[in-house]
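1. Have a look; sequence and predicted model below, questions after that.
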Amino acid sequence: MRSISKAANMSFMDAVKPQLTSLVDVLTVLLIFLIRSFSAEASLVSPVSTVSLPVSSCDKVARMMTSIEITPDAVQVNGTHVASLSSVTGSGNPMQIGPLYEKLTKDNLLAAESEVMIQADKSIEFEIIKKVMFTCSKAGAKDYTVLVVNEE
Amino acid sequence: MSIADGKNKLKLSDTGDAPDVDVTPMMNILMILLPVLISMAVFTKITMLQFSLPPDLGTAAGSANAKPKLKMTVVVATQYYAITYGETMLDSIPFTADDKSENELRARISAHKKTFDSAGEAIVAVRDKVRFQRVVRVMDICRESGYGKIGISSATVNSESGV
């Protein structure tokens, strides 16, 4: 009687033993994918959430510097609103963006480094970027960088 | 007497069952490793694209007596791309929404590159109404064609040459 119950118990244990092979396969593939997308270099620059950056094949890692954000609504400097986009666009408005020039010169943002980073939305027209670059140039900027998303 | 005792001890393979591999430690490692990697995974890589203003527009202007060096210029308009060298227009490619016009532009730039004496410098001249994404694409094409130094300027409508 005892041997019968032991045999029944053994067969039950065999039946419930889970097959982990497929699960291990899936996890291994996932592990390889995640290791591949792992980056040892921490991203120092985080783009503004309202800006949809253009896609590029450039792979130079972004670094921190004075940043000018051109969102679909406004122009910002290091996250601080300086001008609305409606006050910048149009041929009636001057080439130099007054509030942006004031912010760059008053805060001495280009004193230590004459490079400026432009975070512009991919749908922005070049007319606005031209005015921003012109203003930065007047404020002392010599080198320019645009923030992009690597397409890979 | 048990069959496992003494000389009659059976090997595992003799029983007909395949040996079981204990995957529990591996599963434990994977379960720890996966959340760590998922939290650190980079799905979008933020990079930067460097450019400059042409010397006569920027503050770092060269000397007034220096003769300006001719550079390849890619004009980006809403309806077309144009490749110019000095005042000579070499090519004009109509813009299409797919990649066809960009591939054509890449091929034409590569074809003309041998004839230019521009030492890897190119200018991208952009009209006012062009979207920023297209400017970046043209800068990419110039960079991939061997033009390491890229300058951006504004393109004005020239009624005489049509550029």
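-> Received, thanks.
2. In the longest helix along chain B, which residues are buried?
-> Looking across chain B with DSSP state H, the single longest helix is helix B:24-40. The neighbour-count check on helix B:24-40 (16 or more other CB atoms under 10 Å in any protein chain shown) flags B:30, B:37 as buried. To be clear about C-beta, it is placed using only N, CA and C from the backbone, and glycine gets the same treatment.
3. neighbouring contacts of it?
-> Residues outside helix B:24-40 that contact it (CB atoms under 8 Å, 6 or more residues apart in numbering or on different chains) are A:20, A:23-24, A:27-28, A:30-31, A:34-35, A:38-39.
4. ok, 6 Å please
-> A:27, A:34 (CB atoms under 6 Å, 6 or more residues apart in numbering or on different chains).
5. Quick one: name whatever helix or strand follows that helix.
-> Beyond helix B:24-40 on the C-terminal side, the first helix or strand identified by DSSP states H and E is strand B:46-52.
6. what about that next one, average pLDDT?
-> For strand B:46-52, mean pLDDT rounds to 87.
7. Please state the offset of that strand from the chain centre?
-> 11 Å (CA atoms, centre = their mean, to the nearest Å).
8. And the helix or strand that comes right after it, how far out from the chain middle?
-> Counting by DSSP H and E, the next helix or strand C-terminal to strand B:46-52 is strand B:72-76. Put simply, strand B:72-76 sits 19 Å off its chain's centre (CA atoms, centre = their mean).
9. Neighbouring strands - and their directions - for strand B:72-76?
-> strand B:80-85 (antiparallel), strand B:121-126 (parallel) (DSSP bridges).
10. Name the surrounding residues that touch that strand.
-> B:82-85, B:116, B:118, B:122-126, B:130, B:138, B:155, B:163.
11. Run through the residues of chain A sitting next to chain B.
-> With CB under 6 Å from any CB of the partner chain as the criterion, chain A meets chain B at residues A:20, A:24, A:27, A:34, A:37, A:39, A:43, A:45, A:54, A:56-60, A:62, A:120, A:122-127, A:130, A:137, A:142, A:144-150.
12. Can you list the low-confidence ranges for the chain?
-> Assuming you mean chain A. A:1-16, A:39-43, A:91, A:152 (pLDDT under 70).
13. Oops, wrong one, chain B.
-> If you take pLDDT under 70 as the line, chain B has these spans: B:1-18, B:55-68, B:118, B:157-163.
14. Which residues of it lie near chain A?
-> Checking chain B against chain A by CB under 6 Å from any CB, the hits are B:23, B:30, B:37, B:41-42, B:44-51, B:58-60, B:126, B:128-133, B:136, B:140, B:154.
15. Dump the longest helix of chain B to PDB, restricted to CA.
-> The C-alpha atoms that make up helix B:24-40 are tabulated as PDB, following Å, rounded to 0.1, in the frame of the first residue of the first chain:
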ATOM      1  CA  THR B  24      17.700  27.700 -10.800                       C
ATOM      2  CA  PRO B  25      20.900  29.600 -10.200                       C
ATOM      3  CA  MET B  26      20.900  30.800 -13.800                       C
ATOM      4  CA  MET B  27      17.300  32.000 -13.500                       C
ATOM      5  CA  ASN B  28      18.200  33.800 -10.300                       C
ATOM      6  CA  ILE B  29      21.100  35.600 -12.000                       C
ATOM      7  CA  LEU B  30      18.900  36.500 -15.000                       C
ATOM      8  CA  MET B  31      16.100  37.800 -12.800                       C
ATOM      9  CA  ILE B  32      18.500  40.200 -11.100                       C
ATOM     10  CA  LEU B  33      20.400  41.200 -14.200                       C
ATOM     11  CA  LEU B  34      17.400  41.900 -16.400                       C
ATOM     12  CA  PRO B  35      15.800  44.700 -14.300                       C
ATOM     13  CA  VAL B  36      19.300  46.300 -13.900                       C
ATOM     14  CA  LEU B  37      19.900  46.300 -17.600                       C
ATOM     15  CA  ILE B  38      16.400  47.400 -18.500                       C
ATOM     16  CA  SER B  39      16.800  50.400 -16.200                       C
ATOM     17  CA  MET B  40      20.100  51.300 -17.800                       C
END
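16. Since that was my last question, I'll sign off now.
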